[in-house]
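Engineer: Let me see the structure of the following:
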Amino acid sequence: MAYLNFGDIRRKEVINMRDGSRLGCICDLEVDQCSGVIRSIVVPGPPRFFGMLRSDEELVIPYSRISMIGDDVILVDVILK
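Structural biologist: Numbering: from 1, shown residues only. Prediction:
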């Protein structure tokens, strides 16, 4: 598998496989300081006010919940409230 840098990963859209919802693009990563392994990805929270404003909340998705990293999208399996 080819290595990806943060610039490549953040351009991919995150899709929830459970309901097909678009969660947005990755805005941050949580990385283990000792090993350099990605622990989780962070995407913006759900939009507010008819989808015009972004929420101040962020959705943190553990790396174990990533099902596949494709050419254009990252598929995750998460239960949203």
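
Engineer: from what I can see M17 touches I79, true?
Structural biologist: No - under the contact definition of CB atoms under 8 Å, M17 does not touch I79, with a separation of 11.0 Å. Where you see a C-beta, it was placed from the backbone N, CA and C, and this is true even at glycine.

Engineer: Between these two, point out the one with more neighbours.
Structural biologist: More neighbours surround M17 than the other of M17 and I79, with 13 against 8 (other CB atoms under 10 Å).

Engineer: OK, contacts around that one?
Structural biologist: M17 makes contact with 67, 75-77 under the criterion CB atoms under 8 Å, 6 or more residues apart in numbering.

Engineer: likewise E13?
Structural biologist: If a contact means CB under 8 Å, 6+ apart, then E13 has 22-25, 72-74 as its contacts.

Engineer: For ChimeraX, what selects the buried ones among those?
Structural biologist: For anyone working in ChimeraX, the buried entries among the contacts of E13, judged by 16 or more other CB atoms under 10 Å, can be selected with:
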select :23,24,25,74
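
Engineer: Show me what the longest strand seen in the chain packs onto, helices and strands only.
Structural biologist: Determined from DSSP state E, the single longest strand within the chain is strand 38-44. Packing contacts for strand 38-44, counted by 3 or more CB pairs under 8 Å, 6 or more residues apart in numbering; DSSP states H and E, involve strand 22-25, strand 28-31, strand 58-62.

Engineer: Between strand 58-62 and it, find me the angle.
Structural biologist: Inter-element angle recorded for strand 38-44 and strand 58-62: 150 degrees (by axes from the mean of the first three to the mean of the last three CA atoms, to 10 degrees).

Engineer: Of all the residues in stretch 64-73, which ones are buried?
Structural biologist: Going by neighbour count (16+ other CB under 10 Å), the buried part of stretch 64-73 is I66.

Engineer: what sits up against that stretch?
Structural biologist: Residues from elsewhere that reach stretch 64-73, judged by CB under 8 Å, 6+ apart: 4, 9, 12-15, 17, 41, 74-78.

Engineer: export the longest strand of the chain as CSV, just CAs?
Structural biologist: The C-alpha trace of strand 38-44 is given here as CSV (Å, rounded to 0.1, in the frame of the first residue of the first chain):
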residue,chain,number,x,y,z
ILE,A,38,-2.8,7.6,13.1
ARG,A,39,-5.2,7.0,16.1
SER,A,40,-8.2,8.9,14.7
ILE,A,41,-9.5,11.3,12.0
VAL,A,42,-11.4,14.4,12.8
VAL,A,43,-14.2,15.8,10.5
PRO,A,44,-16.3,18.9,11.0
